[in-house]
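Engineer: No letters, just coordinates:
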């Protein structure tokens with residue numbers, strides 16, 4: 001089944017909501033980075049949240065970056081998303097391991113630890129918008145909920161989940177974001193709170209066979225939901241040999257000359273998709289000309 005996001009409004013546009021299924025995306029990230037189960041869950045949640053937040057961007061060239069810096073064994077996570085809900089991401093320590101938490105679940109909060117969440121939006125203006133909040137639990141969904149409330153002043157509820165198979169591949173992944181608009185009435189807020197109380201686990205609902213649309217029907221029950229659209233989402237890296245070459249040119253003449261003087265071809269790794277690009281001495285000489 002393809003990964004996709006459903007976007008909706010409810011209660012005469014007093015609420016906007018997003019729900020998605022992202023199993024393939026998270027499994028691709030797991031395979032690309034060879035992540036341990038707890039890192040798969042942490043990175044998978046951030047990729048899922050990033051995809052939905054990317055789909056909120058207005059401009060076609062807008063880019064969102066979510067960066068978590070924590071003192072847990074994962075050390076940090078970075079995800080970027082575009083307005084078409086293409087996402088990519090990586091963990092600083094993809095093989096971090098931790099025993100399960102007291103509930104017997106993957107200890108994402110322990111793996112991430114205490115730290116900060118940076119949300120960077122490059123909207124094509126002179127300076128990107130940067131929002132920074134302190135991590136609340138390291139469980140990702142709580143941290144994004146807190147970010148929306150404090151940095152964007154949008155009361156939100158974020159639910160994210162990744163469920164693993166016994167062979168450590170991804171069984172289910174998905175999530176939701178529900179947001180109240182500034183003119184939301186008290187009875188709408190109360191109804192939404194009651195509905196949210198009934199949602200225990202995103203992955204449990206996906207395991208039952210619930211679709212993103214059915215997830216939204218549960219969240220927005222009794223509030224005349226209107227589906228706006230559904231859009232595909234995927235793990236997708238836009239790196240290429242040409243793009244990496246431009247990055248090499250940008251480091252400057254002196255450094256490129258040192259690489260050439262070493263007399264060996266160089267290999268450059270893309271953090272996001274783990275692809276390696278090799279440049280021969282001849283190619284480096286061509287790049288040196290461009291750097292002058």
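Structural biologist: All right, it came through fine. Nothing here was measured: the structure is a model prediction, and the numbers come from that model. Numbering: from 1, shown residues only.
Engineer: Can you mark which positions in whichever strand or helix holds residue 32 are buried?
Structural biologist: According to DSSP states H and E, residue 32 maps onto helix 23-33. By neighbour count, and taking 16 or more other Cβ atoms under 10 Å as the criterion, the buried residues in helix 23-33 are 23, 24, 25, 26, 27, 28, 29, 30, 32, 33. Using the backbone N, CA and C atoms, a C-beta is placed for each residue, glycine as well.
Engineer: neighbours around residue 182, how many?
Structural biologist: 8 (other Cβ atoms under 10 Å).
Engineer: Break down the chain into its strands, ranges please.
Structural biologist: Secondary structure of the chain by DSSP state E: the strands cover 4-10, 15-21, 63-70, 76-82, 86-91, 115-122, 129-134, 156-164, 170-180, 226-232, 234-235, 266-269, 276-279.
Engineer: between these, which one is nearest to residue 53?
Structural biologist: Proximity to residue 53, assessed across these by Cβ to Cβ, is greatest for strand 63-70 (5.6 Å).
Engineer: What is the closest one packed up against?
Structural biologist: The contact analysis (3 or more Cβ pairs under 8 Å, 6 or more residues apart in numbering; DSSP states H and E) places strand 63-70 against helix 37-54, strand 76-82, strand 115-122.
Engineer: could you redo the last one with a cut-off of 10 Å?
Structural biologist: With contacts defined as 3 or more Cβ pairs under 10 Å, 6 or more residues apart in numbering; DSSP states H and E, the secondary structure elements packing on strand 63-70 are helix 37-54, strand 76-82, strand 86-91, helix 108-112, strand 115-122, strand 129-134, helix 141-151.
Engineer: quick one: the second one to helix 23-33, angle?
Structural biologist: Angle of strand 76-82 versus helix 23-33, following axes from the mean of the first three to the mean of the last three Cα atoms, to 10 degrees, is 130 degrees.
Engineer: Contacts only, for the spatially most central residue of the chain.
Structural biologist: Here the mean C-alpha position of the chain is nearest to the C-alpha of residue 47 (Cα atoms, centre = their mean), at a distance of 2.4 Å. Residues touching residue 47, when contacts are defined by Cβ atoms under 10 Å, 6 or more residues apart in numbering, comprise 22, 25-26, 28-29, 66, 77, 79-81, 87-89, 140, 160, 162, 173, 175, 233, 235.
Engineer: So residue 138 sits against residue 111, correct?
Structural biologist: Yes - here residue 138 lies in contact with residue 111, judged by Cβ atoms under 10 Å, at a distance of 7.4 Å.
Engineer: In the buried residues of helix 23-33, find the pair that's most separated.
Structural biologist: The widest separation within these, taken as Cβ to Cβ, falls between 23 and 33 and amounts to 16.3 Å.
Engineer: sorry, back to before: list just the one of the strands of the chain that sits closest to residue 289.
Structural biologist: With distances scored as Cβ to Cβ, the stretch of these nearest to residue 289 is strand 276-279 (13.7 Å).
Engineer: Tell me the helices and strands packed up against the closest one.
Structural biologist: In terms of contact count using 3+ Cβ pairs under 10 Å, 6+ apart, strand 276-279 is assigned the packing partners helix 241-250, strand 266-269, helix 281-291.
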